[in-house]
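Need the 3D shape of this:
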Amino acid sequence: MSDGAEFRVDCHVKVLDDRVVERARRAGLDAIVYAPHFTRLPEVRRKAAEYSSDDLLVVPAREVFTGSWKNRKHVLALGLEEPVPDFISLEAAMDEFERQDATILAPHPDFANVSLTEADVHEYADVIDAVEIFNPKHLPTHNRNARALTETLSLPPFSSSYAHLPSSVGVSYTAFEDTFETETELIDALADGVARRVVYKNGLRRLRTTAGELAHLGYENTWKKADRLFLSGIEPTHPRHIAYDGRFDDVAVY
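Numbering: from 1, shown residues only. Modelled structure (predicted):
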């Protein structure tokens, strides 16, 4: 936990277990935002509640993969009331987030083939609540470009570890001047532009984290994994899954 003078949040982690919680505590975090890949909202909520405590607030979220596997654009949504599937159009996802009055974050903008482009952020600037300006997967040019984008559009920044590995949790985080007791308070602060600062450390650990996370990204992006996960059409967050009751069939890309 932090010393109480600020509230420290790792705004995007993909993994959650006892090791992650311990790592978060050692990093002095007060909260993490848990948004695993390809996991439906009820399961994300269940697991977040299981690991949330007075010492560490775990906030459930969905990083929705919009577009096709080869050109997917990730959008991070907090405060969703109803599940939203992956692999629907960006326009449809944004419309659904707005309908649910979700808090919308732009993670790792203009990074590889998995992000909102600069043009996308400009197009949706009126509904995006914050833009990520640092995470360990970024190269320096990505961080510079993202920071310039937030300044141009006057959008609040945020940072995260984007941890796919427990050891990455807390390597960077967002520190708020206010403190929060509940998930709703934190989500509202992100949406309302409450004062915050981005915190990260350089050095050997940062380099190890970047190397490890980029190696994991290479594995994650193999076509074999994509085929196994989605083209069968039966995975939990596939838009044609029975759980979505056909609501997204007309905007599904697969």
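
What count of nearby residues applies to D192?
Counted with other CB atoms under 10 Å, residues neighbouring D192 total 10. Any C-beta I mention is one placed from the backbone N, CA and C, and that applies to glycine too.

how much space between it and L57?
Using CB to CB, to the nearest Å, D192 is found at 18 Å from L57.

cool, R8 as well?
11 Å.

Could you pull out the residues contacting both of those two?
The contact sets of R8 and L57 overlap at D30, A31 (CB atoms under 8 Å, 6 or more residues apart in numbering).

Determine the longest strand present in the protein.
strand 57-66 (DSSP state E).

and that one, average pLDDT?
For strand 57-66, mean pLDDT rounds to 98.

Likewise for stretch 180-195?
97.

Show residues contacting that stretch.
Residues contacting stretch 180-195 (CB under 8 Å, 6+ apart): 7, 9, 11, 30-31, 57, 59-60, 78-79, 103, 105, 129-130, 156, 158, 176-178, 196.

Which of these fall within strands?
7, 9, 11, 31, 57, 59-60, 78, 103, 105, 130, 158, 176, 196.

which of the residues you listed has the most neighbours?
The ones in strands among the contacts of stretch 180-195, ranked by neighbours (other CB under 10 Å): first place C11, 29 neighbours.

For it, which residues are in contact?
C11 touches V33, L76, L105, E132, F158, S159, S160, Y173, T174, L190, counting by CB under 8 Å, 6+ apart.

show me where the stretch 1-150 of the chain has helices.
18-26, 41-51, 90-99, 118-123, 140-153 (DSSP state H, counting those that start in this stretch).

So which of the contacts of C11 is surrounded by the most neighbours?
Highest neighbour count within the contacts of C11: S160, with 31 neighbours (other CB under 10 Å).

Tell me the pLDDT of it.
96.

you'd agree it is up against V33?
Yes. Counting by CB atoms under 8 Å, S160 touches V33, with 7.2 Å between them.

shared neighbours, those two?
D10, C11, H12, V13.

Write down the beta-bridge partners of the first one, one by one.
Read that as D10. I32 (DSSP bridges).

any idea how far it is from H138?
In terms of CB to CB, D10 sits 15 Å off from H138.

same thing with S172?
Applying CB to CB to S172 and H138 gives a distance of 10 Å.

These two: who's more crowded?
S172 (27 against 23).

Now do the contacts for the more buried one.
D10, F134, N135, P136, S159, S160, S161, V198, V199, Y200, K201.

And the furthest pair within those?
S160 and K201 (14.1 Å; CB to CB).

of the ones in strands among the contacts of stretch 180-195, closest to R240?
Nearest to R240, judged by CB to CB, of those is P60 at 23.5 Å.

Run a quick neighbour tally on V131.
By the criterion of other CB under 10 Å, V131 has 23 neighbours.

From H12, how far off is the closest residue to F65 other than its chain neighbours?
Closest residue to F65 apart from its sequence neighbours, by CB to CB, 6 or more residues apart in numbering: D86 at 4.0 Å. To H12, D86 is 16 Å away according to CB to CB.

Pick out whichever of the two has more residues nearby.
Between D86 and H12, counting by other CB under 10 Å, D86 is the more crowded of the two (29 against 25).

you'd agree the more buried one is up against V64?
Yes. Counting by CB under 8 Å, D86 touches V64, with 5.8 Å between them.

hang on, the earlier thing: relative to T39, which of the ones in strands among the contacts of stretch 180-195 is nearest.
Nearest member of the ones in strands among the contacts of stretch 180-195 to T39, counting by CB to CB, is P60, at 9.7 Å.

For E50, see how far away that closest one is.
Noted for P60: a distance of 11 Å to E50, by CB to CB.

Then P85?
In terms of CB to CB, P85 sits 23 Å off from E50.

and what of D86?
23 Å.
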